[in-house]
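**Student:** okay, structure incoming, though there's no sequence with it:
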DNA sequence: ACTCTCGGAGACTAAAGCGC
DNA sequence: CGCTTTAGTCTCCGAGAGTG
């Protein structure tokens, strides 16, 4: 009995009297939508008896699914056996069953039970694309790697764009669908001339860069940046077949490749050897970025955004951010977020109707945007638009678990940077809400957000650890600016010398690190380089504001500052662009001429013995703790994300030695009234301190 | 007592593998 | 090419929960 015959949609009808009995028998084999959903016996009537009894609308609309095994059985079995063998060799437990990998446990469009999607209410795709049920089923779950169909079963499609046929060969159907932001049954973009301009119609094809120039940068991306941006499929992008002819790329694809190459080159900079310039003397990253923007002018890239559109804007953001063009960077980050929101990537419900593989790629991209937006918003004091209301991505079964563990750890870290944090940092949160309890909770959240770093790669470990310390420092600065500070606070983040502890940890984190890990990690502009600068700069300000302190903590702080400045003097294989600004902030602190290059090398102890001890050069009179903290507070409210103390201010520092205040906790934590400090200018700080002292004297 | 839900057994089917 | 194996979808039994 042919199943199709038995499952003709629509009410049962018999064409001839002779066939009536047979037809009735056949049709009785099919349950109506409601009976299927209710799992009750259906007599095949129209309406059927159970539906009549229950007063339900009886219908036979839901199309049957294709039966039988999919894919090449032997290859799948071999793959499973290899995996078991690998796990045995590695001493790992057996690979999880599909049920165990819940995120992908049931990766079909419907759950196994046909009724789970609502028998009377078929899924959105069921009717519109009912051919899905019988068409070539190429969707493969991440735990069930896709095996290309045999030549006989699937002839190669005509070459229009390398992406779709390539996707068909090497990636799940969902990946293929991702190019178009449509369900997997929807044709590739090249078949829809209204959505994107066909490559053959592009008026500027002759201007395109040769496709082969992308591959070296894509390889560099996967070698160094993929751990922190795991948003594209290695199987697709490292295949040379993709890069045979750039005229075969759709505009979306071409723009994406240009943008990712530009971002990769500018982010890795000189820390690795890069391919020669394509059009010297122009730098390749500039060339790629220009090409991307030029190509975008020849088609309507806004009309039908896809995941590629989101990533293109994101990598343009990374390119401009790394080039210190922050207005443009912010624009492209916002554009990327807007595309993501257009695709409903910020709506958890929208993921339910997606192929699970595609859903996972989108989750990763969403969380990358989330992390980047939070980091950038904090750095540039911007507002945020994305929230941690989407489930975090799962691990694809065919990739290293540590990769995504690191990514998820970073996501957790930035999820701890809640909206209150961002608002408080921007200054829009009511100061009364930024109290000691909230600050302690925030610092604690940062500590607890990171789990099981042992299973994370070195690059990711460093990114996570440095980022955590950086966020600790930002929280501490918020505490300072809100008067939640005293000499030896009981909790983290309320101690005056907390930045010294942070610097110590950062020195430990980076001391044994692989140089390339240090160079390449960081998302967008939230690079390690900038975080080190922020931390070192904050430490420099603290040391300046506590000038003259003879304590060991102060001396250690100077030592760590020296080491951090050394790191910045050789990051990415050259002097960091942040070194000079840092040296300016260190001016007069260290006891030697900081602008003289190279810096004295640190010893095992961190400081060159030929340089005198920490305080030997300090003749600057010591300030009281209160004065120090007032000064810090003032700076925290005027600095752009970090304290920015004018170097000449050091000469104006008041001379006082009120160390008796050092250990006295100020219960209120409040030093100045809001009105007193709101408009405080660091240049007027000296005046404020003097006035306070005069009031105390009275 | 009746109705309803839903886990899951077993039937059914098509694709893949295999031997001739 | 035909038979067998495998893996997917299907129906619907019946236990248990809910309701009046």
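**Tutor:** Structure received. What you see is a predicted model; the values in this text were computed from it and never measured.

**Student:** surely residue A:470 touches residue A:533?
**Tutor:** No. Look at residue A:470 against residue A:533 with Cβ atoms under 8 Å: they stay out of range, at 10.0 Å. For glycine as for every other residue, the C-beta is placed from the backbone atoms N, C-alpha and C.

**Student:** tell me who's in contact with the residue in the stretch 351-500 of chain A that DNA strand B sits nearest to.
**Tutor:** Of the residues in the stretch 351-500 of chain A, the one nearest DNA strand B is residue A:352, at a distance of 17.6 Å by Cβ to the nearest atom of the strand. The contact partners of residue A:352, by Cβ atoms under 8 Å, 6 or more residues apart in numbering, come to none.

**Student:** distance check, it against residue A:387.
**Tutor:** Counting by Cβ to Cβ, to the nearest Å, the separation of residue A:352 from residue A:387 is 18 Å.

**Student:** how about residue A:578?
**Tutor:** When Cβ to Cβ is applied, the distance between residue A:578 and residue A:387 equals 31 Å.

**Student:** of these two, who's got more company?
**Tutor:** Under the criterion of other Cβ atoms under 10 Å, the comparison of residue A:578 against residue A:387 puts residue A:578 first, with 20 against 11.

**Student:** and the more buried one, how far is that from residue A:565?
**Tutor:** To residue A:565, residue A:578 is 10 Å away according to Cβ to Cβ.

**Student:** could you do residue A:580 as well?
**Tutor:** Plainly put, residue A:580 is 11 Å away from residue A:565 if you go by Cβ to Cβ.

**Student:** can you give me the strands for the stretch 151-300 of chain A?
**Tutor:** Taking DSSP state E, counting those that start in this stretch to define them, one finds no strands in the stretch 151-300 of chain A.

**Student:** got the residues of it near DNA strand C?
**Tutor:** Within the stretch 151-300 of chain A, not a single residue sits near DNA strand C (Cβ under 7 Å from any atom of the strand).

**Student:** which residues of the stretch 151-300 of chain A fall in helices?
**Tutor:** Along the stretch 151-300 of chain A, counting by DSSP state H, counting those that start in this stretch, helices occupy A:163-170, A:173-178, A:215-220, A:234-237, A:251-268, A:284-296.

**Student:** tell me which of those helices sits most buried.
**Tutor:** Looking across the helices of the stretch 151-300 of chain A with neighbours counted as mean count of other Cβ atoms under 10 Å, the highest average goes to helix A:251-268: a mean of 28.

**Student:** what is that one packed up against?
**Tutor:** Contacts defined by 3 or more Cβ pairs under 8 Å, 6 or more residues apart in numbering; DSSP states H and E place helix A:251-268 against helix A:215-220, helix A:284-296, helix A:307-322, helix A:515-520.

**Student:** 6 Å - rerun?
**Tutor:** With contacts defined as 3 or more Cβ pairs under 6 Å, 6 or more residues apart in numbering; DSSP states H and E, helix A:251-268 has these neighbours: helix A:215-220, helix A:284-296, helix A:307-322.

**Student:** so what touches the next helix or strand after the last one?
**Tutor:** Next along the chain after helix A:307-322, taking DSSP states H and E as the criterion, comes helix A:326-342. Identification of contacts with helix A:326-342 by Cβ atoms under 6 Å, 6 or more residues apart in numbering yields A:305, A:309, A:310, A:313, A:314, A:316, A:317, A:320, A:321, A:369, A:385.

**Student:** among the residues you listed, which two are most distant?
**Tutor:** Of all pairs drawn from these, the one with the longest distance (Cβ to Cβ) is A:305 and A:321, at 21.2 Å.

**Student:** I'd like to know which of the helices of the stretch 151-300 of chain A is closest to residue A:529.
**Tutor:** Residue A:529 sits nearest to helix A:251-268 of all the helices of the stretch 151-300 of chain A, at 10.2 Å, using Cβ to Cβ.

**Student:** state the distance from residue A:277 to DNA strand B.
**Tutor:** With the distance defined as Cβ to the nearest atom of the strand, to the nearest Å, residue A:277 ends up 48 Å from DNA strand B.

**Student:** which residue packs closest to that residue, ignoring adjacent ones?
**Tutor:** Beyond its immediate neighbours in the sequence, the residue positioned closest to residue A:277 (Cβ to Cβ, 6 or more residues apart in numbering) is residue A:284, lying 5.7 Å away.

**Student:** then residue A:367?
**Tutor:** Closest residue to residue A:367 in three dimensions, ignoring its sequence neighbours and counting by Cβ to Cβ, 6+ apart: residue A:411, at 4.6 Å.

**Student:** likewise residue A:556?
**Tutor:** For residue A:556, ignoring the flanking residues on the chain, the nearest one in space by Cβ to Cβ, 6+ apart is residue A:500 at 6.1 Å.
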